[in-house]
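Novice: Give me the fold of what follows.
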Amino acid sequence: MIRAGRRHLARTLADLAAQQGVRLQSYLNAKRHLVDGFPAPISSAGSRTRLYDGEQVDAFLAGAPVPSLPTEDNDQDLLDRRECAAALGISPLTWDKYQTAYPILTEHLVKAGGVDHWPRSVLHQQRAQKAAKVTAPPGRPTRSGDQVPRDQVLSRTAPLLDADPGISAARVTEELGVHRDTAQDALLRLRADRMAELMRTDPSLTPEQAAAALGYPAGQVRRAKVRAQTVLRAHRIAPYLADVAQALHREGWTTTAAAPEVQYPADDLVVAALVLDGPNPPAPALVWDERHGWRSATSRRHPLPRGAAWPPPGDGIHYLATGTTPPPDAVTAALSA
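Specialist: Numbering: from 1, shown residues only. Coordinates of the predicted model:
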């Protein structure tokens, strides 16, 4: 941040290069700003534009002791985008949206070194405006619909998780205008899939280690750890399911040899459904469950009952072969019997 009263001292790398009479690229190539003892940037970590305090730089170049900057917070301190977000406990993306929602932030925008800054005092005013703006209970109204189509929720949530691995469902709700349950489900699925992919790459990793490597707070991944292991099992079973699908296609019972898409009706369970849409199939559909193996289903549209409960035999429900992964020809033989 730029401490109160020191805005005029903020300098960019281009300013430092000009001060020493060289071109910016030459200055960067020589890494003059990275030599031992050179003052640290006053801009936030990760900022595209690095800013330095001119008084500190001048002292360093003169061989004099580098003065310390003030450490006590002041209402006139200037904070950049990341620092404002951190002060409010939100993501930088949310801060960007705040600039549209709260005109006071645009009115008090300050440029320093070409970088947007805001006085610390404005954050207090924004908090007050936000509190006054709340005229309804928190959360989305009862029975209100999501503002993002369901098939776009994951793709819209993924960049938010990329920007802030610790993002909460409440923040996703605020960003996208979706129900909190929708946001929680999207974060669960994304985190679990990414943890599983990392564990596939490095089988020595535990779910806890994968979550930590991705920057996910331990308190937010209890369910994701379980689901990540389930996703791993789904990856392992995929070739077997593909073989069964091809065997059914060769029999003419399906019009496609594509492997069935696995589903997770519970975080710790893998199931799959194969619709038999060929001419004269022996059953409308088949269901595979990692606990029980194969069975026939009575409905093409809804082969999986709610919760993927395993129904008793009878009324068109038949268990097929034995074990959870019988050979594909054993499945087709059981269907033909």
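
Novice: Kindly provide the distance from A170 to T94.
Specialist: Remark: distance between A170 and T94 (C-beta to C-beta, to the nearest Å) = 11 Å. In this view, the C-beta of every residue, glycine as well, is placed from N, C-alpha and C.

Novice: who has more neighbours, the two?
Specialist: Between A170 and T94, T94 has the larger neighbour count (other C-beta atoms under 10 Å), namely 19 against 13.

Novice: The more buried one: which element?
Specialist: helix 92-101 (DSSP states H and E).

Novice: And the helix or strand following that helix, what's buried?
Specialist: Using DSSP H and E, the helix or strand that follows helix 92-101 in sequence is helix 103-107. Residues L105 are the ones in helix 103-107 that count as buried (16 or more other C-beta atoms under 10 Å).

Novice: the helices in the stretch 101-250 of the chain, which residues?
Specialist: In the stretch 101-250 of the chain, the helices defined using DSSP state H, counting those that start in this stretch lie at 103-107, 120-133, 150-163, 169-176, 180-201, 207-213, 222-250.

Novice: can you list the domain ranges for the chain.
Specialist: What automatic domain parsing lists as the domains of the chain is 1-137, 150-220, 233-336.

Novice: between the ones you listed, which gets nearest to V226?
Specialist: Among the domains of the chain, domain 233-336 comes nearest to V226, with 4.7 Å by C-beta to C-beta.

Novice: so what's Q229 up against?
Specialist: Q229 makes contact with A196, P207, D268, according to C-beta atoms under 8 Å, 6 or more residues apart in numbering.

Novice: The first one and L232 touch, don't they?
Specialist: It stands for A196. Yes: with contact defined as C-beta atoms under 8 Å, A196 reaches L232; the gap is 5.1 Å.

Novice: So those two - more neighbours on which side?
Specialist: A196 (22 against 19).

Novice: any idea how far A272 is from that one?
Specialist: Applying C-beta to C-beta, one obtains 17 Å for the distance of A196 from A272.

Novice: again, but for S155
Specialist: In this view, S155 and A272 are 24 Å apart by C-beta to C-beta.

Novice: So those two - more neighbours on which side?
Specialist: Legend: neighbour count by other C-beta under 10 Å for S155 and A272, higher for A272 (23 against 10).

Novice: Please identify the nearest residue in space to the more buried one, excluding sequence neighbours.
Specialist: P260 (4.1 Å; C-beta to C-beta, 6 or more residues apart in numbering).

Novice: okay, now the residue lying closest to R3 once chain neighbours are set aside: neighbour count?
Specialist: Once flanking residues are discounted, R3 sits nearest to P70: 4.7 Å by C-beta to C-beta, 6+ apart. The number of residues packed near P70 is 11, by other C-beta under 10 Å.

Novice: how about P70, secondary structure?
Specialist: Assigned with DSSP: H, G, I helix; E, B strand; the rest coil, P70 falls in the coil class.

Novice: Might one say that it is in contact with L9?
Specialist: No: at 12.0 Å, P70 and L9 do not qualify as touching, with contact defined as C-beta under 8 Å.

Novice: per-residue confidence at G177?
Specialist: Listed pLDDT for G177 reads 86.

Novice: Number the residues from 47 up from this point.
Specialist: New numbering, starting at 47: the last item is G223.

Novice: how distant is the longest strand along the chain from the center of its chain?
Specialist: In terms of residue count, the longest strand belonging to the chain (DSSP state E) is strand 315-321. The chain centre lies 26 Å from the centre of strand 315-321; the measure is C-alpha atoms, centre = their mean, to the nearest Å.

Novice: Can you name the residues that contact A274?
Specialist: Going by C-beta under 8 Å, 6+ apart, the list of residues near A274 reads R237, A238, D239, M241, A242, M245, P253, A256.

Novice: what about it, distance to T371?
Specialist: Computed as C-beta to C-beta, the A274 to T371 distance reads 22 Å.

Novice: And for L124?
Specialist: According to C-beta to C-beta, L124 and T371 sit 63 Å apart.

Novice: same question, Q102
Specialist: Per C-beta to C-beta, Q102 is found 67 Å from T371.

Novice: So which of the two has more stuff around it?
Specialist: The residue with more neighbours, out of Q102 and T371, is Q102; 20 against 17, by other C-beta under 10 Å.

Novice: pretty sure the more buried one contacts A108?
Specialist: No: contact between Q102 and A108 fails when scored by C-beta under 8 Å: they sit 11.0 Å apart.

Novice: that older thread, where neighbours are concerned, which of the contacts of A274 has the most?
Specialist: That'd be M241 among these, by other C-beta under 10 Å, with 29 neighbours.
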